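Trainee: coords please:
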Amino acid sequence: MNAITPRSPLGQLARPGHSRPVLSRRQKAAIIVRLLSAEGQKLPLMELSDDQQTQLAESIAQMRLIDRETLHEVVEEFCAELEAVGLAFPGGLDGALKLLDGQLSASAATRIRRMASGTSRADPWERVTGLSADLLLPVLMEESIEVGAVMLSKLSVSKSAELLGKMPSDRARRLTYAVSLTGNVAPETVQRIGAALADQLDAAPVKAFDTGPVERVGAILNFSPAVTRDSVLKGLEEDDKEFAEQVRKAIFTFTNIYARIEPRDIPKILRAVDQTRLILALAGSKGDNAKSAEFILANMSQRMAQNLRDEMKNLGKVKEKDVEEAMNEIVTAIRDLESRGEIFLVAEETE
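Mentor: Numbers count the residues shown, from 1 in each chain. Predicted structure coming up:
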């Protein structure tokens, strides 16, 4: 910014015969900060270095009164500099990560976080609190009670409650009591704990798959032909009976509807399914699938059920392949409703 000569020495209003001294950029910055603060603007001054924050505070403390003409000139010069900016970058690796969030691979993002951890002035708790409860739970279980109490104090109330609900009651009780003792923990200590936790979480190896092997195999077999599914499960039982049992529980097919869907959820499912595909699936149901077909028909209005039965009779003979595809579409609709939290699958009873 060009030098500006005020009407009077800093701290005084203009008097006739006095020359106007030159304002430094730091003093001009103090004027802008004071003006914006008076307008109720919240400035991100914490993004400045500690030295810059201290120098700005000192400049504000030394200044008293600025005449209106000088204020207008400083504001005009500040606006001119802003208008001259064509493009601004966030600055630092933390800013780059926020800018590219969702566009980097997991491995690249982790590598950049590790690079940034040693030099960043950003709050490490922003990284920790932004993670899911599933990622935070193992850390909370392994860390000391004291560190866990600090962690719970920094997380949102809802996420802390979710974490407490996923751990043994004894540890949950000890952690909640320890939270009551965190009142005198120094801010520097909280910051160091946050940095250590962020480093620990970033050091965890990136998983190649979003879901575990049981869920992946179960999802594949969900949409496999029944003959293939039964054959694979039989082979899995011979190789690893425990894994096969877990996969069976993860599988949800048309056959499972009558046992794992609440009767009150049938209307929601019917609204999410094309009626012609529903009629085809119901018409071709036989064997174990017939129970699910009757379950669906029994949990709708009698008039609608009768209309569907009439449509099923008019279809005549249907191809098994077409029936299986229609059933898979119904299963997909159910899974979509479940993922959105609109319905919940009933857990299978363990024999």
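Trainee: how many neighbouring residues does residue 274 have?
Mentor: Using other CB atoms under 10 Å, residue 274 has 12 neighbouring residues. The way it works is simple: take the backbone N, C-alpha and C, and place the C-beta from them, glycine included.
Trainee: who are the contact partners of it?
Mentor: Neighbouring residues of residue 274 by CB atoms under 8 Å, 6 or more residues apart in numbering: residue 329.
Trainee: now do it, the pLDDT please.
Mentor: Residue 274 is assigned a pLDDT of 94 by the prediction.
Trainee: swap in the one 10 residues further on?
Mentor: Residue 284 is assigned a pLDDT of 93 by the prediction.
Trainee: sec struct for residue 183, please.
Mentor: coil (DSSP: H, G, I helix; E, B strand; the rest coil).
Trainee: who are the packing partners of the strand or helix carrying residue 238?
Mentor: Using DSSP states H and E, residue 238 maps to helix 226-239. Helices and strands touching helix 226-239, as assessed by 3 or more CB pairs under 8 Å, 6 or more residues apart in numbering; DSSP states H and E, comprise helix 213-222, helix 241-250.
Trainee: as TSV, those with distance to residue 175, mean pLDDT and mean neighbour count would be great.
Mentor: Listed next are those as TSV, based on distance: least, CB to CB, whole Å; pLDDT from 0 to 100; neighbours: other CB atoms under 10 Å:
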stretch	distance to residue 175	mean pLDDT	mean neighbour count
helix 213-222	29	83	16
helix 241-250	30	84	15
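Trainee: for those, give me TSV that also has distance to residue 302.
Mentor: Listed next are these as TSV, based on distance: least, CB to CB, whole Å:
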stretch	distance to residue 302
helix 213-222	32
helix 241-250	34
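Trainee: between those, which one is closest to residue 134.
Mentor: For these, proximity to residue 134 was assessed by CB to CB; helix 213-222 is nearest, at 13.2 Å.
Trainee: ok, and what's touching that closest one?
Mentor: Taking contacts as CB under 8 Å, 6+ apart, the residues outside helix 213-222 that touch it are 209, 211, 228-229, 232-233, 243, 246-247, 249-253, 328, 331.
Trainee: ok, residue 177 - how many residues close by?
Mentor: When counting by other CB under 10 Å, one arrives at 11 neighbours for residue 177.
Trainee: quick one: it from residue 171, how far?
Mentor: Distance of residue 177 to residue 171, given as CB to CB, to the nearest Å: 11 Å.
Trainee: if we can go back for a sec, what's the angle between the helix holding residue 238 and helix 213-222?
Mentor: For helix 226-239 against helix 213-222, the angle by axes from the mean of the first three to the mean of the last three CA atoms, to 10 degrees is 150 degrees.
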